[in-house]
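1. here is my input; please provide its structure:
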Amino acid sequence: MQHQEILFACAEFAIGLAGFSAIVVAIGYRGGNWDEVTRYIFALLLFFAIGAGLFALLPAALFTTGLSEESVWRIASPFYLFFIGSLLRFVFAVSGSIRGQLSALARWGGITVNLMASAGLLLNTLGLLYRPQAAPYVLTVLFFLVAAATNFARVVFRRPDSAA
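-> Residues are numbered from 1 along each chain as shown. Next up is the predicted model:
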């Protein structure tokens, strides 16, 4: 199953990115105070990286139970969907002072892609339009990795006087 190899590679990348990010940020901000926007972006980075890592491994754990492939995607998708809902709640709960300093394109672009991923996972869960399959799930994991890497760049190259 090719999707399992892709998901394992994603999990490795996610774990490496989260660890490396923590080291880079700890060194880069040594002795200095983080502003609230940098803390928010770093929290998003960790949310995306850890989410990608955990949800890349979930199908492998489900496959060990002897479930059919369709059942694995039907079961794993709502868990991922719940995680995305938690992420969106975190994004929408951000204070007005932080929101005002964030790039509208990055904020609404991320929300839009999360909603699209949620739609794919919901269809995967319900089996509507197509049978539950790996593609929507794997694409969501890949999106989380791209979002984590983008937030890593935002933290590393961020200037407090510009929109993040």
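2. the bottom helix or strand of this structure by mean pLDDT?
-> helix 96-99 (a mean of 83; mean pLDDT, DSSP states H and E).
3. roughly how far apart are Phe79 and Leu121?
-> Remark: distance between Phe79 and Leu121 (Cβ to Cβ, to the nearest Å) = 9 Å. C-beta coordinates here come from the backbone N, C-alpha and C atoms, glycine included.
4. with Ser21 instead?
-> For Ser21 relative to Leu121 (Cβ to Cβ), the value is 25 Å.
5. the more surrounded of the two?
-> Ranked by neighbour count (other Cβ atoms under 10 Å), Ser21 and Leu121 place Leu121 first, with 26 against 20.
6. tell me which element that one is part of?
-> helix 104-126 (DSSP states H and E).
7. got it, and Pro59?
-> Going by DSSP H and E, Pro59 is part of helix 36-63.
8. for that helix, which helices and strands make contact with it?
-> Counting by 3 or more Cβ pairs under 8 Å, 6 or more residues apart in numbering; DSSP states H and E, the packing neighbours recorded for helix 36-63 are helix 2-28, helix 69-92, helix 96-99, helix 134-156.
9. just give the nearest non-adjacent residue to His3, would you?
-> Ala134 (3.9 Å; Cβ to Cβ, 6 or more residues apart in numbering).
10. make that Val91, sorry
-> Val91 sits nearest to Ile111 (Cβ to Cβ, 6+ apart), 6.4 Å away.
11. separation between the one you found and Asn33?
-> Applying Cβ to Cβ to Ile111 and Asn33 gives a distance of 29 Å.
12. more neighbours, these two?
-> Using other Cβ under 10 Å as the criterion, Ile111 and Asn33 rank with Ile111 on top: 14 against 7.
13. that one reaches Arg89, doesn't it?
-> No. Ile111 is beyond contact range of Arg89, at 11.6 Å (criterion: Cβ atoms under 8 Å).
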